Every structure is written in structure tokens, then in C-alpha cells.
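# Got a predicted model here, sequence first, then my questions.
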Amino acid sequence: MSRSADSLLVAVLSRAHVHADGYIELLAETAGVDLMVCDPDGPPAADRGPRGLPAGARYVDGYREVFALRPDAVVIMSETSRHRELIEPAAESGAAILCEKPLATTAADARAIAAVVGGRGVPFMIAHPVRFMAACSELIGRARAGQLGELVAVRGTNNGKLPAERSWFVEPEWSGGGALFDHVVHVADLIDALTDARAASVSAITNRMLYADRVGATVADVLGTGGPETGGLVLINYASGLVAAIDCSWSLSASAPSWGGLTINVTGTAGEVFVDAFRPRVRGIEAGSGRALELPYGLGGDASLIDAFLDVVRGGRPARPDLGTALRTLAVVLAAAESAARGRSVDVPELGW
């Protein structure tokens, strides 16, 4: 495989995640990047999402072959439970790592990842693109500059459709859970970026009433445990006194005009700000079916995330959001899952770093 002396060899590992092809497209369009894609595993279950060889990309048959080529960087887009098995050899090879969120499905895997990444000292970023969106970036800057005073309350929503095109999202063996694991981290990451306060305890409630027929839930599952949660509400208490509430539900119907969105309302002692991160949209009606349509416009966070990661690989900036952020946001998710299962508030676990 030939490469120019000043280019970066970047490998996308797996196409399991819904964001994988978007990142592949962005990397393929970036000057100075030699891109290769590897997706040998295939879906763990019936899956409508594309797998294997993507159009217009150089393909490598196996992960071992990828690491033998000594890539400068890897982008890990596998099922969440497979992150560790890809991060460990990537770190051992010395490659910079961008990993899809959340970091892992268990505390044990998260601690193992922290040990190998920390031990090897490789650059590591977690894929939290929402913080790179213009409105969210400005909110973070203003809060960090003290314009809101001391933060006292945050209310966030990250709602969407059931990600049915990637069926592993609703298989806890692969995803860790359901809506908690899919959606809590984006708002938790924004809070992590807004303040240095650390989450102390979490209370969460979940149910399986939404999309029950799509995730194999029975009446007993809806009322008790078993199967992935499709609706959830998480209350986080921070050591500083900050309180945050996150609605993380897959609460949009399959016929909704868009996949969903994210909002955050931040209250401080000196002011309050509300951000609807995906609000800029063109709205209309599809002529043939009469179905409502919403098409987002403007710059999203994905392109800025990829640009930031490539800057990290080139040594132009520190990794942000880094492994510490990945561990802290995952700790909130794990605490939320435990709280929902136990029916009481639980302490946020310490995952290292």
C-alpha cells in the first residue's frame, strides 16, 4: 500500500455504528488522509445497515492486517461491547484513537481501556460531536468565561427514533442497554464541558413502553426488568450542588419527520441559556406521500469533530473530549442503569484516570 510522506494513514474499524459511513465520507474528502476501512465481523444479528466494503474506499480484510500497516490513527465504529478488543491493539500499535460513544458497556472494560491507553500514552478522543456544534460550542465558551455565574441547574433532552436500521442497538449484549446507553452521554458530555463539577450520584427511571413490539418486550418486561429500555429520565447530583435532568428516550415515532434532536437549558446565578442544537431545519411535505419532512441545514458537529481529531493526530492540539471525559460520561450511564434496576439513587463509580 503506497502512501505519501506527508499524509496520514487513517483506518476506520467497523461499519457497525450509524455514524460510521458519515465519518468515512468526511475522511475520504479530507486532503492529506490515506483512508482504509475494515469491517470483517458483519452484523451480530439481522441488520439493515450496510456492512463490509463501502463504495469508494480502500478495504482491508482483517484487523490484524490493519495494525500490521501501522496506521497513524484509527476510528473505532464497532458495536459498543467490541470497543475494548479494538482499542487495546490500536493502543499497542501506537495509533491515535477516535472511539464512538459510549466508551464501553461495563466498568471492567472501561478500566482496562484506561490502563492500556494511559500506559501507552496514545492520543485518545471520544466521539461526542454535539459539543462541536456552533451553538453548543458558544454555550460552552460563555459558561467557561463565567457569563452564567455558578451553574445550578441543567435540563437536557436527547430524544429520537428507535435506531432500527442497526438492530444491535436494542441488544444489551452488544450495546449495554437501550436509550440510556445511546443518549445520556451527549448531554452528560455537554455538562462535563460546561463545568469541572463531578457527578456524585444518579437517580434514574426507565420503561419499555415505547417501541415494545420492536424490541421483543413483554408486558412483564414493560413493568419490570429485561430487554433494553426505550424511555428514560436521569437525575444527576454533582458535588458542586449542580443538579441536572436528562430525558434520553427513544420517544419519536417511526413516521416522525426527523430522527430527533437535542436541547439543553442551563441556569446559573448570573443568567440562563436555552439551546436547541438541531433547530435549523427546512420543513415541508413530500409530494408523493404527503408525509412531513424536516431537513437540517448548517454545519453539524461531525465535520468539526473529525477536523479536531486530525489536528490531534498531527500534534496541533490536545485531545478533547479525551479519555477522562469518556470515563466520566460512561460512569453516569452505568450509575443510571444501576439506579433504574435497583429503584434507588446510586453513587457514580470511579473508573480511573
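Okay, I see it. Numbering: from 1, shown residues only.
# Just confirm residue 78 is within a helix.
No - applying DSSP: H, G, I helix; E, B strand; the rest coil, one finds residue 78 to be coil, outside a helix.
# and it, how many neighbours?
Look at residue 78: counted by other C-beta atoms under 10 Å, it has 24 neighbours. Quick note: C-beta positions are derived from backbone N, CA and C, even for glycine.
# got the contact list for it?
Residue 78 makes contact with 13, 14, 16, 17, 41, 86, 100, according to C-beta atoms under 8 Å, 6 or more residues apart in numbering.
# Same check on residue 305?
Contacts of residue 305 by C-beta under 8 Å, 6+ apart are 98, 125, 127, 128, 129, 132.
# repeat for residue 114
323, 327, 351, 352, 353.
# same deal with residue 91?
97, 116, 117, 119, 120, 122, 124.
# and the two most separated of the residues you listed?
Maximum pairwise distance in the contacts of residue 91, criterion C-beta to C-beta, is 13.4 Å, between 97 and 119.
# neighbour count winner among the two?
residue 97 (28 against 10).
# for the contacts of residue 114, which one is nearest residue 148?
residue 327 (25.8 Å).
# Just the ones in helices from the contacts of residue 305, please.
Judged by DSSP state H, helices contain none of these.
# quick one: which of these sit in strands?
98, 125, 127 (DSSP state E).
# can you pull the pLDDT of the first one?
In other words, residue 98. Per-residue confidence (pLDDT) for residue 98: 98.
# was I right about it contacting residue 71?
No - at 11.7 Å, residue 98 does not count as touching residue 71 under the criterion of C-beta atoms under 8 Å.
# Closest one of the contacts of residue 305 to residue 184?
Using C-beta to C-beta, the contacts of residue 305 come closest to residue 184 at residue 128, 11.7 Å.
# Torsion angles phi and psi at that closest one?
Dihedral pair for residue 128: phi -120, psi 80, per degrees, to the nearest 10.
# Does the residue lying closest to it once chain neighbours are set aside lie in a helix or a strand, and which?
The shortest distance from residue 128 to any non-neighbouring residue, by C-beta to C-beta, 6 or more residues apart in numbering, is to residue 189 (4.2 Å). Element membership for residue 189, per DSSP states H and E: helix 179-194.
# okay, now the nearest residue to residue 238 once chain neighbours are set aside: neighbour count?
Distance criterion C-beta to C-beta, 6+ apart; nearest residue to residue 238, sequence neighbours excluded, is residue 197 at 4.1 Å. The number of residues packed near residue 197 is 17, by other C-beta under 10 Å.
# Kindly report the same for the one 5 residues further on.
Here the number of neighbours of residue 202 (other C-beta under 10 Å) works out to 28.
# Quick check: it is in a strand.
Yes - if the criterion is three-state DSSP, then residue 202 is within a strand.
# Return the residues in contact with it.
234, 235, 236, 237, 332, 335, 336, 339, 345, 346, 348.
# would you turn these into JSON lines with distance to residue 301, secondary structure and pLDDT?
Shown next, in JSON lines, are the contacts of residue 202 (distance: C-beta to C-beta, whole Å; DSSP: H, G, I helix; E, B strand; the rest coil; pLDDT from 0 to 100):
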{"residue": "234", "distance to residue 301": "22", "secondary structure": "strand", "pLDDT": "98"}
{"residue": "235", "distance to residue 301": "26", "secondary structure": "strand", "pLDDT": "98"}
{"residue": "236", "distance to residue 301": "22", "secondary structure": "strand", "pLDDT": "98"}
{"residue": "237", "distance to residue 301": "28", "secondary structure": "strand", "pLDDT": "98"}
{"residue": "332", "distance to residue 301": "20", "secondary structure": "helix", "pLDDT": "98"}
{"residue": "335", "distance to residue 301": "26", "secondary structure": "helix", "pLDDT": "98"}
{"residue": "336", "distance to residue 301": "23", "secondary structure": "helix", "pLDDT": "98"}
{"residue": "339", "distance to residue 301": "29", "secondary structure": "helix", "pLDDT": "98"}
{"residue": "345", "distance to residue 301": "32", "secondary structure": "coil", "pLDDT": "98"}
{"residue": "346", "distance to residue 301": "31", "secondary structure": "strand", "pLDDT": "98"}
{"residue": "348", "distance to residue 301": "26", "secondary structure": "coil", "pLDDT": "98"}
